[in-house]
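Participant: what's the 3D shape of this:
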Amino acid sequence: MGLRRAKRQKTDHLPEDQGTPGLAVELRGVRRQYGRGAGVVHALAGIDLALPRGTFTAVMGPSGSGKSTFLQCAAGLDRPSAGYVRLGGTEITGMHENELAELRRSRLGFVFQAFNLLPSLTVEENVLLPMRLAGQRPDRRRAAAVLARVGLADRARSRPDELSGGQQQRVTIARALVTAPDVIFADEPTGALDTGTAAEVLGLLRQAVDGLGATVVMVTHDPAAAIWADRVLFLADGVLAGSLDDSSAEHIAARMAALASRTGTTAGATA
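Facilitator: Residues are numbered from 1 along each chain as shown. As a prediction, this is how the structure comes out:
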């Protein structure tokens, strides 16, 4: 596939207070169901997963496979119906909402298909927003460093509407990196971008892993995006349905087609 992996320098930004050392994400027996009785939907039907620090994982699956629910539960945006989640060694399942909000601001980074930049703020101010929300003193030198890393050192004073779509997504990556998070969660980060710009954005996520020791978990439907990851995990009907390491887009697409043809996914299930 032609994507050489640089040797990673794995760094621990925060000590583990629980769990297995060296793991960035742990899900044990995680289930998530919606509704009751005959109308119940089992979006996740028992996920056991451990992702090491300093790795890039792509999560794929047919429509209704549970991949969006997986990301929401893993990132503390939704609560499992059963099981537990640990991030950076900290169990988050029983946290109060204010504790979860603080954790998301200080220890997690997010990159979504929608850029979610505040139009009234400059690029620098958007990048520093997680620090402000976490009650930290904004570090302009840190903002300058991450903007330089994503190739936007000269756009700190610009507004989002003065940037292209690809440049705006670069800002969201800089914002995700500014707090040196335990994990960066990316949900279809290239869905609104053309092929060339998407490759640039994925290259930045790859560099964050290889050069900074970051951990990236990315949900995508695109095999061409998934090849940038170290490992592709497949979900089907709310359970893990295999994985591929350093595979080609063609191989990944074939696995996806096979899953889609044999799953019992229904229109009422969640993505």
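Participant: mind listing what's buried along the helix or strand of the chain with the lowest mean pLDDT?
Facilitator: The least trusted helix or strand in the chain, going by mean pLDDT, DSSP states H and E, turns out to be helix 97-107, with a mean of 89. Judged by neighbour count (16 or more other C-beta atoms under 10 Å), helix 97-107 contains these buried residues: Leu100, Leu103, Arg104, Arg105, Ser106, Arg107. To be clear about C-beta, it is placed using only N, CA and C from the backbone, and glycine gets the same treatment.
Participant: again, but for stretch 113-120
Facilitator: Neighbour count says stretch 113-120 has Gln113, Phe115, Leu117 buried, by 16+ other C-beta under 10 Å.
Participant: reformat the buried residues of helix 97-107 as TSV; add distance to Val150.
Facilitator: Below are these laid out as TSV (distance: C-beta to C-beta, whole Å):
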residue	distance to Val150
Leu100	27
Leu103	24
Arg104	21
Arg105	20
Ser106	21
Arg107	20
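Participant: what are the ranges of the helices in the protein?
Facilitator: 67-74, 97-107, 123-133, 140-149, 165-177, 195-212, 223-226, 249-262 (DSSP state H).
Participant: can you put the ones you listed in JSON lines and add distance to Arg159?
Facilitator: Shown next, in JSON lines, are those (distance: least, C-beta to C-beta, whole Å):
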{"stretch": "helix 67-74", "distance to Arg159": "29"}
{"stretch": "helix 97-107", "distance to Arg159": "23"}
{"stretch": "helix 123-133", "distance to Arg159": "8"}
{"stretch": "helix 140-149", "distance to Arg159": "14"}
{"stretch": "helix 165-177", "distance to Arg159": "10"}
{"stretch": "helix 195-212", "distance to Arg159": "19"}
{"stretch": "helix 223-226", "distance to Arg159": "28"}
{"stretch": "helix 249-262", "distance to Arg159": "36"}
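Participant: residues touching the spatially most central residue of the chain, list them.
Facilitator: Nearest to the mean C-alpha position of the chain, counting by C-alpha atoms, centre = their mean, stands Phe185 at 1.7 Å. Listed by C-beta atoms under 8 Å, 6 or more residues apart in numbering, the contact partners of Phe185 are Leu71, Ala74, Ala75, Leu108, Gly109, Phe110, Val111, Val217, Met218.
Participant: any weak-confidence spans in the stretch 51-200 of the chain?
Facilitator: Counting by pLDDT under 70, the stretch 51-200 of the chain shows no low-confidence range.
Participant: extract the CA atoms of stretch 177-184 and return them as PDB.
Facilitator: The C-alpha atoms that make up stretch 177-184 are tabulated as PDB, following Å, rounded to 0.1, in the frame of the first residue of the first chain:
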ATOM      1  CA  LEU A 177      -3.700  18.100  19.600                       C
ATOM      2  CA  VAL A 178      -3.400  21.300  21.700                       C
ATOM      3  CA  THR A 179      -4.000  19.500  25.000                       C
ATOM      4  CA  ALA A 180      -1.800  16.500  24.200                       C
ATOM      5  CA  PRO A 181      -4.800  14.200  24.700                       C
ATOM      6  CA  ASP A 182      -4.800  10.500  25.700                       C
ATOM      7  CA  VAL A 183      -6.900   9.700  22.600                       C
ATOM      8  CA  ILE A 184      -8.100  11.500  19.500                       C
END
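Participant: contacts for that stretch, please.
Facilitator: Stretch 177-184 is contacted from outside by 13-14, 24-25, 53, 75, 87-88, 105-111, 127-128, 130-131, 134, 136, 139, 142-143, 146, 149, 176, 205, 208, 212, 214-217, using C-beta under 8 Å, 6+ apart.
Participant: equivalent analysis for stretch 238-246, please.
Facilitator: Against stretch 238-246 from outside (C-beta under 8 Å, 6+ apart): 1, 3, 5, 31-32, 42-49, 61, 65-66, 69, 230-235, 251-252, 255, 259, 269.
Participant: again, 7 Å this time
Facilitator: 1, 42-47, 49, 66, 230-235, 251-252, 255, 259 (C-beta atoms under 7 Å, 6 or more residues apart in numbering).
Participant: could you flag which of these are buried?
Facilitator: Listed as buried from the contacts of stretch 238-246 are 42-44, 47, 49, 66, 230-235, 252, 255, 259; burial here means 16+ other C-beta under 10 Å.
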